[in-house]
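**Q** only geometry, no sequence info:
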């Protein structure tokens, strides 16, 4: 690890206070223990190491770049300077079969914060129309803005510790299917987010608010809100040659598809297509970019 010359602790806390003031909010239920770095292997690994040393819930690592960033399903996550790389420790006490709830609530919280907070802070109607791509991606103008990786530790069938990692394209170069936030903000009428620290403050606030809302209201209150932000919600989704429409997401992160046709398209369909709805397990299909 290298110390924190690029990111400013003072600028972050100043930005976080602005966010709280703009949202007329108190501190979230999880206190933040902030650690800033210029370069790490991955912010998730940093937070796990801090937890092993006795750190608690709310431990947060933010870095300007990573050498071994990773995404969902073990994919490599490009982590060049200019992006936001942030991880937070949570202690949810959640049955292991419900692990997807952590990704659902934090992804929804981050997307909601990016949609609402910049306009509130600037006092104008401009918004960042961030959407969600099932299960864990942030989408802007049909392209990938960022992703979320949730890792857990289990004791006696329950998740006792989790680290939620977030990567968001800020000024870094992106592939054809990606977008960075500054390229979008260049078209805004006023500057909505002026620094990496402000972006980090908005994202962290949104993540913790989503987690807090889940704690207080439960996953059933989040699922319809999550569905509203799904980028593919009104688009046909092919499954074994049959088109379906997304009608919901379950508490286990399964995608609920209503099939347009009951016809079987292969000798080994993934489900009994005589029923009007099927459940798709996370990681079994890709919904693709651009939208």
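**A** Received it, and whenever you're ready, just let me know what you need. The structure displayed is predicted, hence computed values, not measured ones.
**Q** in the chain, which spans are strands?
**A** 33-40, 59-66, 84-90, 94-95, 131-133, 137-140, 143-155, 158-168, 237-239, 242-249, 255-259, 277-280 (DSSP state E).
**Q** can you redo those as TSV with mean pLDDT and distance to residue 6?
**A** C-beta coordinates here come from the backbone N, C-alpha and C atoms, glycine included. Formatted as TSV, the strands of the chain follow (pLDDT from 0 to 100; distance: least, CB to CB, whole Å):
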stretch	mean pLDDT	distance to residue 6
strand 33-40	94	5
strand 59-66	94	5
strand 84-90	97	12
strand 94-95	96	35
strand 131-133	97	29
strand 137-140	96	23
strand 143-155	95	19
strand 158-168	97	16
strand 237-239	85	41
strand 242-249	90	37
strand 255-259	91	39
strand 277-280	90	41
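**Q** and the ones you listed: which comes nearest residue 210?
**A** Nearest of these to residue 210, taken as CB to CB: strand 158-168 at 9.6 Å.
**Q** pull the contacting residues for the nearest residue to residue 46 once chain neighbours are set aside.
**A** Residue nearest to residue 46 in three dimensions, not counting chain neighbours: residue 61, with 4.2 Å by CB to CB, 6 or more residues apart in numbering. With contact taken as CB atoms under 8 Å, 6 or more residues apart in numbering, residue 61 is in contact with 35-37, 40, 43, 46-47, 50, 86-87.
**Q** between those, which is closest to residue 142?
**A** Using CB to CB, the contacts of residue 61 come closest to residue 142 at residue 86, 23.9 Å.
**Q** from memory that closest one sits against residue 202, does it?
**A** No - shown here, residue 86 and residue 202 do not form a contact pair, counting by CB atoms under 8 Å, at 10.9 Å.
**Q** domain assignment for this protein?
**A** Domain ranges of the chain: 9-228, 237-280, per automatic domain parsing.
**Q** residue 155: neighbour count?
**A** 10 (other CB atoms under 10 Å).
**Q** what bridges to it?
**A** Listed by DSSP bridges, the beta-bridge partners for residue 155 are residue 158.
**Q** partners of the helix or strand of the chain with the lowest mean pLDDT, with directions?
**A** Using mean pLDDT, DSSP states H and E, the weakest-scoring helix or strand in the chain turns out to be strand 237-239, at a mean of 85. According to DSSP bridges, strand 237-239 has the following sheet partners: strand 242-249 (antiparallel).
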